[in-house]
Every structure is written in C-alpha cells, then in structure tokens.
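Undergrad: Sequence and predicted model, in that order:
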Amino acid sequence: MKSFTFLTLFSMFSTGFNNVSLIGTPERTALNVISAFKHDSVDEYSKMVPSLSEFHQIMDANDKLYGGFLTEAKREFAIRYERELIPSVRQAFTSVFAEGGKRGIDWQKVEFVRVETIELQGHENHAQLDIVFREKGKEYTLRIENAFVWRGEWRVTQFVELI
C-alpha cells in the first residue's frame, strides 16, 4: 500500500468539499491565531488544525485512492497524526512564540493589523496567510503556509513562522 503524506491529505481538502459557502474568513482565522499567541495557548492554535476525525472524513470521501486499504490507511494515518502532526504543530507554535520573545515581542500586547492571503497556484482553496500584527509600534508577520478552506472554515497548519 502506498503511504500517504500529510501534504497529500491537505491537498485533498480542496476536492469534494467545495460546495459550502465560506462561513469563516481569513480575518476571523487571523484573529484566532493572534488570540492563541496572546494567551500563549498551543491548545487554541491546535484547535484550528483539522482533527483526526476530519482527516478520516477526507479519506472516506476519497476512498477510491486507497483501493481496498482504506481501513488500514486510516489506522496508519491515526498513528502518524498523533506521533508526527500534532507534535509538529505544538513545536512550531512553541518555536514561534519563543522567537517572538527573543525579538522583544510582548505577545499579550500585540494588535491585529491585517491578513493577506496569497493563493497557491494549482491548489484551489489553499493559500499562504500572512497575519500582520503590531507591538510597540513595530509590525511583524506570522506566515502560515498551506492554510486551506475546509467546510467553510480556514484551517492552519504546522508551517508557521515569524517574519
């Protein structure tokens, strides 16, 4: 059986679920991300990443890709989700938070300025989110790569960095 990567599943989010009108906006997601950093809450940030159940729904919707191995693929993915994806999300958040501290950012005092979305060529509903915020009069950017819309909500990934 072919092993599917997290990126493959992220790209599958753009197929099969496009019928829903956008409920969430990039701005709403950006405010939630800023809130997570203000509260130093990796849990708040992690809640914006798709759950294992949501990934399994994607796999179910694309079951033909797995042939007769859907159950096995879901079991294997569940292990990778817990061992790799969730720890990488938590580590990315912690690293960005610490980097901000090294740069003198008082996360509790940051103010949201704007969010910019840059669509990824060839990947409908996928984008880079640049969340611009201000602290002590200086602007910074949190960049989230491979953010995507699923069921009308913008979702974040472990690919976050402080610019």
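TA: That came through fine. Numbering: from 1, shown residues only.
Undergrad: use CA for all of it now, contacts and neighbours both
TA: OK.
Undergrad: longest helix of the protein?
TA: helix 86-102 (DSSP state H).
Undergrad: what separates that helix from the chain centre, distance-wise?
TA: 14 Å (C-alpha atoms, centre = their mean, to the nearest Å).
Undergrad: Paired strands for the next helix or strand after it, with orientation please.
TA: For helix 86-102, the following helix or strand on the C-terminal side (DSSP states H and E) is strand 111-119. With DSSP bridges as the test, strand 111-119 is paired with strand 126-135 (antiparallel).
Undergrad: right, and the helix or strand after the partner strand?
TA: Sequence-wise, the next helix or strand downstream of strand 126-135 (DSSP H and E) is strand 138-150.
Undergrad: Least confident secondary structure element in the chain?
TA: Ranked by mean pLDDT, DSSP states H and E, the weakest helix or strand in the chain is helix 6-12, scoring a mean of 47.
Undergrad: quick one, phi/psi of the residue of the chain most remote from its centre?
TA: In the chain, residue 68 marks the outermost C-alpha relative to the chain mean, sitting 29.5 Å out by C-alpha atoms, centre = their mean. Backbone geometry at residue 68, expressed as degrees, to the nearest 10, gives phi -90, psi 10.
Undergrad: Let me see the contact set for it.
TA: Listed by C-alpha atoms under 8 Å, 6 or more residues apart in numbering, residue 68 has no contact partners.
Undergrad: do you know how far residue 147 is from residue 129?
TA: 7 Å (C-alpha to C-alpha, to the nearest Å).
Undergrad: swap that for residue 72, please
TA: On the measure of C-alpha to C-alpha, residue 72 and residue 129 end up 34 Å apart.
Undergrad: got it, and residue 156?
TA: Taken as C-alpha to C-alpha, the span from residue 156 to residue 129 is 9 Å.
Undergrad: Test my guess that residue 40 contacts residue 97.
TA: Yes. Using C-alpha atoms under 8 Å as the test, residue 40 is close enough to residue 97 to be in contact (7.4 Å).
Undergrad: okay, and the common contacts of these two?
TA: residue 107.
Undergrad: Of those two, which one has the most company?
TA: Shown here are residue 40 and residue 97; by other C-alpha atoms under 10 Å, residue 97 has more neighbours (21 against 17).
Undergrad: residues in contact with the more buried one?
TA: 37, 40, 107.
Undergrad: Residue 93 now?
TA: With contact taken as C-alpha under 8 Å, 6+ apart, residue 93 is in contact with 42, 45, 158, 160.
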